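>>> task: produce atomic coordinates for the following.
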Amino acid sequence: IFGPTPVNRVYETSINKVIKSNSKVDHYKLNKNDFSIRDIDSSEIVVMAKELLNG
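Just a heads-up that it's a prediction; the model follows:
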């Protein structure tokens, strides 16, 4: 993953999920040095993964 993706560029469905970070996103120039993914709580990812696996 290289930099944050603006949430409005993602089509969220029951199997395509979005986890937001606190980054400020420039829609015209993505910051490839933004590693804010590290700030996302792992438990949030685990919960979402379980939801995806359980349908």
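
>>> contacts for stretch 4-12 next, please.
16, 18, 20, 21, 23, 25, 27, 30, 31, 34, 36, 37 (CB atoms under 8 Å, 6 or more residues apart in numbering). Heads up, the C-betas are built off the backbone N, CA and C, glycines and all.

>>> my read: the fifth one touches residue 34, true?
Yes. Under the criterion of CB atoms under 8 Å, residue 23 lies in contact with residue 34, with a separation of 5.4 Å.

>>> quick one: neighbours of residue 21, just the number.
Neighbour count for residue 21, taken as other CB atoms under 10 Å: 16.

>>> please, which helix or strand holds it?
Residue 21 is part of no helix or strand, with elements assigned from DSSP states H and E.

>>> ok, for it, nearest residue in space, not its chain neighbours?
residue 36 (4.1 Å; CB to CB, 6 or more residues apart in numbering).

>>> residue 39 now?
By the measure of CB to CB, 6+ apart, the closest residue to residue 39 outside its immediate chain neighbours is residue 21, 6.0 Å from it.

>>> what score does the one you found have for pLDDT?
We have a pLDDT of 81 for residue 21.

>>> and for residue 49?
Looking at residue 49, its pLDDT is 92.

>>> having no further points to raise, I will conclude here.
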